[in-house]
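Asker: structure of the sequence below:
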Amino acid sequence: MPRRRRPERKKRAPDSKYGSVLVTRFISSILKKGKKGVAEKIFYGAIDLIAEKTKQDGMVVFEKAVTNVKPVLEVRPRRVGGATYQVPVEVQPDRGLFLALTWLVSSARARKGKAMQEKLADELAEAFQGQGTTIKKREDTHRMAEANRAFAHYRW
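Answerer: Below you'll find the predicted structure:
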């Protein structure tokens, strides 16, 4: 952590197809080994598949899925007098978005037996409906924060 001042946030350019900074961030989280073209192909293919499956605009489904997955609370370890407590804290908006995008990509990668476009499309469609592994991950995070509510006074 810097001592003098916080570093400035990086300005991200919107993507070329939809003009959305959220899409740029999601493509960056899909990215592996610098293959941005491959990551873009995966994302845009998944959006097209979602539009076919749900008969709705793919971008609307994507944005709703991301907002459904964003956590509100999380636990952070806090060391007090030799004991470590899991202290529930509110999630900053930027961190919530980061967690949502990361959870979506990792759970899509964990699925078996299909191409990445199809796995990502299935995961986004489930998150849009409020079910699936990413929603379960968010609920587990909220449940953990709720269970440790007694340690909320250790918040810093």
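Asker: can you show me the strands along this protein?
Answerer: Listed in chain order, the strands found in the chain under DSSP state E are 73-80, 83-90.
Asker: can you put the ones you listed in JSON lines and add mean neighbour count, mean pLDDT and distance to E146?
Answerer: (C-beta placed from N, C-alpha, C; glycine too.) Putting the strands of the chain into JSON lines (neighbours: other C-beta atoms under 10 Å; pLDDT from 0 to 100; distance: least, C-beta to C-beta, whole Å) gives the following:
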{"stretch": "strand 73-80", "mean neighbour count": "14", "mean pLDDT": "94", "distance to E146": "8"}
{"stretch": "strand 83-90", "mean neighbour count": "15", "mean pLDDT": "94", "distance to E146": "7"}
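Asker: R25: which of those strands is closest?
Answerer: Distances from R25 to each of those were compared by C-beta to C-beta, and the smallest falls on strand 73-80, at 19.0 Å.
Asker: by contact count, what packs against that closest one?
Answerer: Strand 73-80 is packed against strand 83-90, helix 133-147, with contacts defined by 3 or more C-beta pairs under 8 Å, 6 or more residues apart in numbering; DSSP states H and E.
Asker: A46 touches L120, doesn't it?
Answerer: Yes: taking C-beta atoms under 8 Å as the definition, A46 is a contact partner of L120 at 4.0 Å.
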